[in-house]
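Novice: With the sequence up front, the predicted model follows.
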Amino acid sequence: MILNSNYFAIYDFILVLISFFILLHAFQKGFLRQLLDLVATILSFAGAWWFYDDLSQAYPLVHVYRLIDDPLNKLLWFVLLIIGIRIFLRLFIYLFHASRPKRKMNALSFMNHVAGLGIGFVQVGCIFFLWTAFCQLPFIENGDTYVQHSVVIHTVNQWKEEVSDHVNNLQ
């Protein structure tokens with residue numbers, strides 16, 4: 001896969017747009033719902049990691065070629081388990097929040113939303129990390145060049161260094 005250097009600005013714009021919508025959604029959800037969502041994601045990955053190997057051997061989904069059957073079945077079961085467990089846990093989260101009455105916005109509610117925004121920043125940081133790691137994979141041509149020239153990734157790295165310096169100065 002080749003990342004065309006003419007589209008680096010478009011890739012950055014897409015990253016900023018995705019980040020904006022994630023932060024907006026995180027602010028709307030608030031801290032508790034974001035935290036429950038994060039726990040559900042971690043549990044779905046843990047459950048998928050726990051069961052995918054046994055299920056792929058007991059119930060193979062794909063029979064293409066002997067050398068790729070096993071890894072492909074493991075991958076499919078891992079993805080299916082993540083999605084299935086995530087949907088199951090999402091139902092519980094929905095039931096938890098559907099039973100609560102809607103309240104007016106007050107100072108505590110505002111702090112809840114700001115704390116949810118904090119978790120949103122962590123999500124955006126994870127997305128930037130995964131995107132940077134993906135771009136540096138061996139089969140991505142010009143990925144290293146993109147990471148070196150990306151304005152967004154450079155800005156995030158500067159902010160990360162400033163925050164870590166500020167935290168170190170507080171200690």
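Specialist: Cool, the structure landed. Numbers count the residues shown, from 1 in each chain.
Novice: from here on, contacts and neighbour counts on C-alpha atoms
Specialist: OK.
Novice: where does this protein dip in pLDDT?
Specialist: Flagging of the chain using pLDDT under 70 yields the residue ranges 65-68, 96-105, 107.
Novice: Quick check: what element follows the top helix by length along it along the chain?
Specialist: Longest helix in the chain, counting residues (DSSP state H): helix 8-58. For helix 8-58, the following helix or strand on the C-terminal side (DSSP states H and E) is helix 66-98.
Novice: I'd like to know which elements that following helix is packed against.
Specialist: Applying 3 or more Cα pairs under 8 Å, 6 or more residues apart in numbering; DSSP states H and E, one finds that helix 66-98 makes contact with helix 8-58.
Novice: separation between residue 25 and residue 129?
Specialist: Remark: distance between residue 25 and residue 129 (Cα to Cα, to the nearest Å) = 20 Å.
Novice: Which one's more surrounded, those two?
Specialist: Shown here are residue 25 and residue 129; by other Cα atoms under 10 Å, residue 25 has more neighbours (16 against 13).
Novice: Just the element for the closest residue to residue 24 other than its chain neighbours, please.
Specialist: Beyond its immediate neighbours in the sequence, the residue positioned closest to residue 24 (Cα to Cα, 6 or more residues apart in numbering) is residue 117, lying 7.7 Å away. Taking DSSP H and E as the criterion, residue 117 maps to helix 107-135.
Novice: what's the angle between that helix and helix 8-58?
Specialist: Helix 107-135 and helix 8-58 are oriented at 90 degrees to each other (axes from the mean of the first three to the mean of the last three Cα atoms, to 10 degrees).
Novice: Please list the residues outside the next helix or strand along the chain from helix 107-135 that contact it.
Specialist: Downstream of helix 107-135, the next assigned helix or strand under DSSP H and E is helix 143-149. Defining contact as Cα atoms under 8 Å, 6 or more residues apart in numbering, one finds that helix 143-149 is touched by 2-3, 5, 8, 132, 135-137, 153-154.
Novice: Let's see that with 6 Å instead.
Specialist: Contacts of helix 143-149 from elsewhere in the structure, counted by Cα atoms under 6 Å, 6 or more residues apart in numbering, are 135-136.
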